[in-house]
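> here are the coordinates; sequence isn't available:
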DNA sequence: CTGAGGGAC
DNA sequence: GTCCCTCAG
């Protein structure tokens, strides 16, 4: 094991320890965060949804998604990550369930069993730990994509943690994420769930009017995260999705053309 | 944190 | 299928 990797894991364990301690001393605050979580539901599913290339948009309490039936997974999952969603409990992981809200029939979790691929969350469970209900809702088969364990637990996990860091630092961000569902893709299971060759994430900080996008090959990397920053436009060309179409056009054009990560702290 | 799998019931 | 346990990056 490389030293850098070892330090990363130790840092993660430290973070978990701190959260556990905060939870221990702040138990009386949990009820308040539950109410706060409940109050953002309608807001989070009406703001800043991308366009759908498949015509099947599904809204859950904590996130929305656009399902691609041919690929048996979402082309995007979108949600607001508020500062108040962060910290707090680590719940017991439930079993994945087929998302009955997907009219064409979401994939079964059995496709992933012994496939060699993780059931990789698109909206991470770690972003929805403010209530058990919100947490469990991320364990729907419409919210997962086949990912290698090295990638999922490696640089993708690092990016997800960075997004939580930004949500805390910038008082909330909007997140859109998914695999790139183009070309001939490997499939797993009887339902032929496609294995993306690339995954993307688009982050919008509304308060400070800045946007950043990441495009990553489906493999782990030791490179720094900022090496994977791309203009939002390039992800739109690749996927056919229009991100944040509700923004005023001039602002949208300006933000989406940039591949600069000025204003985004990578510390 | 991100996940997997085995075995008893 | 559910629950409990061990394990890895």
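Received it, and whenever you're ready, just let me know what you need. Model, not experiment: these values are computed from the prediction.
> Helix, strand, or coil at residue A:105?
Using DSSP: H, G, I helix; E, B strand; the rest coil, the structure places residue A:105 in coil.
> Before we move on, what's the pLDDT of it?
Here the pLDDT value assigned to residue A:105 is 96.
> go on, residue A:98?
96.
> Go ahead and confirm it touches residue A:107.
Yes - applying Cβ atoms under 8 Å as the test, residue A:98 and residue A:107 come out as touching, 7.4 Å apart. From N, CA and C alone the C-beta is placed, and that goes for glycine too.
> Looking at the two, which is more packed in?
residue A:107 (28 against 15; other Cβ atoms under 10 Å).
> pLDDT-wise, which helix or strand of chain A ranks last?
When each helix and strand of chain A is scored by mean pLDDT, DSSP states H and E, helix A:30-39 comes last, with a mean of 30.
> Where do the domain boundaries of chain A fall?
Annotated domains of chain A cover A:1-37, A:39-257 [automatic domain parsing].
> now the longest one: how far from the chain's centre is it?
The one in question is domain A:39-257. The chain centre lies 3 Å from the centre of domain A:39-257; the measure is Cα atoms, centre = their mean, to the nearest Å.
> quick revisit: intersection of neighbour lists for residue A:98 and residue A:107?
Jointly contacting residue A:98 and residue A:107 under the rule Cβ atoms under 8 Å, 6 or more residues apart in numbering are residue A:141.
> residues contacting the residue in the stretch 151-267 of chain A that DNA strand C sits nearest to?
Among all residues of the stretch 151-267 of chain A, residue A:153 sits closest to DNA strand C, at 3.6 Å; criterion: Cβ to the nearest atom of the strand. Each residue near residue A:153 by Cβ under 8 Å, 6+ apart is listed here: residue A:118.
> That one and residue A:194: what is the separation?
Residue A:153 sits 21 Å away from residue A:194, going by Cβ to Cβ, to the nearest Å.
> Over to residue A:90?
To residue A:194, residue A:90 is 31 Å away according to Cβ to Cβ.
> more neighbours, those two?
residue A:194 (22 against 13).
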